[in-house]
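1. my questions concern the predicted model and sequence given below.
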Amino acid sequence: MSVAQRRRISTLIAGRFARSVLARASGGTVALSRLWPGRTDRLIIAPHDLRTADATRAAEIYAGRFVFAGKIVTCHGRSIFDLEPPSEDWEVALLGFGWLRHLRAADTALTRANARSLVDDWLSNPARSRPLERRADVLARRVISLLSQAPLVLGDTDGKFYRKYLRGLAREIRYLRFAMFDIADGVPRLQVLIALCYASLCLANQARHIRTATRKLSDELQRQILPDGGHISRNPGALVELLSDLLPLRQTFAARNIAPPPALLNAIDRMMPMLRFFRHGDGSFALFNGMSSAPSDLVATLLAYDDTHGVPMAHMPHTGFQRLDAGAMTVIMDTGPPPPPNVSQDAHAGCLAFELSSGPSRIVINCGMPSTGRDNWRTFARSTAAHSTLTYHETSSCRFVEQSAMKRLLQGSPIVSGPATVESYREVVANGDLLTTSHDGYLPRFGVVHRRVLMAANDGTRLDGEDTLSPAPGARIKGNETDFAVRFHLHPSVKASRLSDARGVMLVLPNRDVWTFEALDDKVDLEDSVFLAGNDGPRRTAQIVIRQDSRTASSVRWSFVRSSTSAAATTARRNARREPELPL
C-alpha cells in the first residue's frame, strides 16, 4: 500500500473517530433535551409523497404479509416489529414506514384503521431494541413518512391518539437531530437535513428551527450538488432519491407561504437536466457508480416537474460524463475520476466505461448494482471487469479498502486510490463526433495509460472505437503482467452469436434491428456475464471480450455497425424515398 493510500485511510479513520467522539459527548440527557423540537401541539401541513403507491399492497399488509426487498414475512397474529427480519434491506424498508403510502392509496376505512393500528403498535413500545431503527438514513425516511402520511393515520382518530402521534413524532425528530453528529457523508446526510427541514415546516411552533434547518440544508446542497447538476458521489441514482424529496419540499415551503431558499431552487434546476442526461431511449438510466434500476413511473413523475423539457447536455464537466447522440444512437461514457473517499462507498472502478443504446433498445451496458442483496454482489459490481471498458491484468483501475475490520470501522469500502488524471476532448468532424479520452489508473502499478477514442457517425448507424495502452513518456511498462481485456457487456434482451471468422458478433435487438460488432485485427470471444440492475433481480447475459498482450499488441480497434437490413434502417430508407409501406 502506497504512502498516499495510507494517508487517505488515516484521514477516513480520523474522521470516523471524530464523529463517534462528538456523538458520545453530545449524547447526554441535557444535550438531548436541548434538541427537543419544542411544543408540538398540532400538525400544520403534510408534504406530498411523489413515490409510487400500489393499492393492491394494502390487502397484503392487512392480511399480515409484508413484502419488502424480495422477502416475505407473515405475522400470524404477532407484531411485525417483534419478528426477526429476513434481511437488512427488508428491515430498512419496514422501519422506514414508506409502505404507509400503499395503505393511503387504497383509501378505505379498513386501511386507515390498519395504518393507525400499525403505527400505534410502533409508538406504544419505544423501548424495542432494533439497531437499524436509529440509523440516520432510516430515521430520516421514517420521519418523512410519518409526516407525509399523517392524513391517513390521523384522519378519523380521537384527540388522545393525535397527541400520542405527535409525541412519538417529536421523539423521532429528537433522535434524528442527535443522529446528525454521527452520519456518513453524501446522500444520508442530505436526507437527514431534508427530513429536519420537513419537520420544522410541518409542525407548529418551529419558526426558530425553520431558519436553522434551512440554512444547514442550503449549505449542504451547495456542497454536494455540483455546478452541472450531478451529485458529488457520481451516482445517477442519488438524483432520483434526492429529487423525490426536494420537489415536495419546495411545494411545502410554498404551502407555508415561506420563500424556498435559493440554494434549494438552484439545486433542483441543475439536477433536472442531469436526470435527462443519464437516460437511454427506453427510459432506463446508465449504470454507473452504484446505479440500480429506477422505477420508471417515479422518474416520469419527476420529469413532469421539469419546465425546460430540453435536449440533454452533451458534456457534464464537473461530474465527469460525456454523452453522444446521433440519430437513434446514444452513447453515455464515464470520463471522470472517482469521487472523494468520504463519499465513495458505492463508487465503481469504471473509468472510460460506456453504454450504448439504439432507440428503445440497450445494447452495451455495465453490470450495475442490484436493488436488493447488494452485499452479495458488491465486490464484483464495483470492479473494472463489471464495466464495458479495458481491464489490465484482471485488476481494477481503483483500489478499495479490503480489510474486514477496516470496512466495519468505516461503514463501507471507500476508494483509496484510482485515476488521478482523466482527460476527455470532443470535436465535431466531417463524419460525426469524435471523443478522445484517457486515464492513468493503471500507471502507478503497471506503468501504462489507457486511452479510448470513440467516433459516432452522424446518422447513428455506426460507433467506431480504439483502446490503446501506452507507457508514460520516458517510462516503460512495469513487471511481467502485460495481459489485458476489453469487455462489452450486453443487455439481456440482445441475442448475440459469434460470426464464423471469430472476429465479429451479430447482435439482434428486441425491435428486430441487427447490429454487428467487429474487431479489425483481434479474435473475439463471447463469454457469460450478469445483468445486476434488473427489476426482477440478477439475470444472465453475455459479454464480448477481446484479450491481448500489451507487449505484442497495445491497441485494439473495434466497431458497432447497424445492419442496412434492420427494420429501422429499412423504414428510414422508405421515408427518404417516400415509398409506401406494403400491407402485412
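-> Cool, got the structure.

2. the residue nearest the centre of the chain: which element?
-> Note on the chain: the residue nearest the mean C-alpha position is residue 237, at 2.3 Å, using C-alpha atoms, centre = their mean. Using DSSP states H and E, the element containing residue 237 is helix 236-255.

3. how far does stretch 57-75 stretch from start to finish?
-> End-to-end distance for stretch 57-75: 15 Å, by C-alpha to C-alpha, to the nearest Å.

4. which parts of that stretch are buried?
-> For stretch 57-75, the buried set under the neighbour-count rule, 16 or more other C-beta atoms under 10 Å, comprises 57, 58, 60, 61, 62, 66, 68, 69, 71, 73. C-beta here means a position set from N, CA and C on the backbone, and glycine is covered the same way.

5. likewise stretch 487-501?
-> 487, 488, 489, 490, 491, 492, 493, 494, 496, 498.

6. got phi/psi on residue 326?
-> phi -140, psi 110 (degrees, to the nearest 10).

7. hmm, I typed the wrong one, I wanted residue 389.
-> phi -160, psi -170.

8. related to what we said a few turns ago, chain neighbours aside, what residue packs nearest to the residue nearest to the centre of the chain?
-> Excluding the flanking residues, the one nearest residue 237 by C-beta to C-beta, 6 or more residues apart in numbering is residue 291, at 4.7 Å.

9. with residue 426 instead?
-> Nearest to residue 426 is residue 435, by C-beta to C-beta, 6+ apart, at 4.7 Å.

10. can I get the CA coordinates of the helix or strand that the one you found is a member of in PDB?
-> Per DSSP H and E, residue 435 falls inside strand 432-439. Taking C-alpha atoms only, strand 432-439 is exported to PDB below (Å, rounded to 0.1, in the frame of the first residue of the first chain):
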ATOM      1  CA  GLY A 432     -19.700  12.700 -36.800                       C
ATOM      2  CA  ASP A 433     -18.500  13.300 -33.300                       C
ATOM      3  CA  LEU A 434     -15.000  12.300 -32.100                       C
ATOM      4  CA  LEU A 435     -14.400  11.700 -28.400                       C
ATOM      5  CA  THR A 436     -10.800  11.200 -27.200                       C
ATOM      6  CA  THR A 437     -10.300  10.200 -23.500                       C
ATOM      7  CA  SER A 438      -7.600   8.700 -21.300                       C
ATOM      8  CA  HIS A 439      -7.000   7.800 -17.600                       C
END
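
11. adjacent strands (with direction) for that strand?
-> strand 422-429 (antiparallel), strand 448-457 (antiparallel) (DSSP bridges).

12. quick one: contacts for residue 313?
-> Counting by C-beta atoms under 8 Å, 6 or more residues apart in numbering, residue 313 touches 228, 273, 277, 323.

13. dump those to TSV, plus neighbour count.
-> Shown next, in TSV, are the contacts of residue 313 (neighbours: other C-beta atoms under 10 Å):
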residue	neighbour count
228	18
273	17
277	25
323	21
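
14. mind checking which of these land in helices?
-> Under the assignment DSSP state H, those contribute 273, 277 to helices.

15. quick one: contacts of stretch 117-130?
-> If you take C-beta under 8 Å, 6+ apart as the criterion, stretch 117-130 is touched by 61, 79-82, 91, 95, 97, 100, 146, 153, 161, 164-165, 167-168, 171.

16. residue 152: neighbour count?
-> Counted with other C-beta atoms under 10 Å, the neighbours of residue 152 add up to 22.

17. how about it: what's its closest non-neighbour residue?
-> The shortest distance from residue 152 to any non-neighbouring residue, by C-beta to C-beta, 6+ apart, is to residue 104 (4.2 Å).

18. in the protein, which helix or strand is least confident?
-> helix 29-34 (a mean of 42; mean pLDDT, DSSP states H and E).

19. report the mean confidence score over the next helix or strand after that helix.
-> Following helix 29-34 in sequence order, the next helix or strand is helix 56-62 (DSSP H and E). For helix 56-62, mean pLDDT is 90.

20. with stretch 147-165 instead?
-> 87.

21. hang on, the earlier thing: so what touches the strand holding residue 435?
-> Under C-beta under 8 Å, 6+ apart, the answer for strand 432-439 is 322, 324, 326, 333, 335, 337, 351-352, 397, 419, 421-428, 449-458.

22. with stretch 460-479 instead?
-> So stretch 460-479 is contacted by 326-329, 331, 356, 358, 390, 392, 440, 442-443, 445-457, 484, 486, 550-551, 554-562, 569 (C-beta under 8 Å, 6+ apart).

23. likewise for stretch 254-270?
-> By C-beta under 8 Å, 6+ apart, stretch 254-270 touches 44-45, 201, 210, 214-215, 217-219, 221-222, 225-229, 243, 246-247, 249-250, 253, 305.

24. show me which of those residues are buried.
-> 201, 210, 214, 217-218, 221, 225-226, 228-229, 243, 246-247, 249-250, 253.

25. residues contacting the nearest residue to residue 72 once chain neighbours are set aside?
-> Spatially, and ignoring its direct neighbours in sequence, residue 72 is nearest to residue 65 (6.1 Å; C-beta to C-beta, 6+ apart). Contacts for residue 65 were tallied using C-beta under 8 Å, 6+ apart; they are 72, 73, 74, 75.

26. so where's the stretch 101-250 of the chain shaky on pLDDT?
-> Scanning the stretch 101-250 of the chain with the threshold set as pLDDT under 70 gives 126-129, 180-182.

27. neighbours of residue 444, how many?
-> 15.

28. my guess is it contacts residue 417. True?
-> Yes. Counting by C-beta atoms under 8 Å, residue 444 does reach residue 417; the two are 7.3 Å apart.

29. that older thread, how far off centre is the helix holding residue 237?
-> 15 Å (C-alpha atoms, centre = their mean, to the nearest Å).

30. so residue 492 makes contact with residue 541?
-> Yes. Contact criterion C-beta under 8 Å: residue 492 and residue 541 qualify, at 4.3 Å.

31. anything in contact with each of these two?
-> residue 531.

32. returning to what we had before: for residue 480, see how far away the residue nearest to the centre of the chain is.
-> Look at residue 237 and residue 480: by C-beta to C-beta, to the nearest Å, they are 40 Å apart.

33. identify the residues contacting residue 242.
-> Shown in contact with residue 242 (C-beta under 8 Å, 6+ apart): 187, 190, 191, 194, 231, 271.

34. gap between the second one and residue 228?
-> Yep, that's residue 190 we're talking about. Distance, residue 190 to residue 228, using C-beta to C-beta: 18 Å.

35. what of the fourth one?
-> The span separating residue 194 from residue 228 equals 21 Å under the rule C-beta to C-beta.

36. try the first one
-> Taken as C-beta to C-beta, the spacing of residue 187 relative to residue 228 amounts to 18 Å.

37. so, low pLDDT: which residues of the stretch 301-450 of the chain?
-> Ranges of the stretch 301-450 of the chain meeting pLDDT under 70: 308-311, 403-411.
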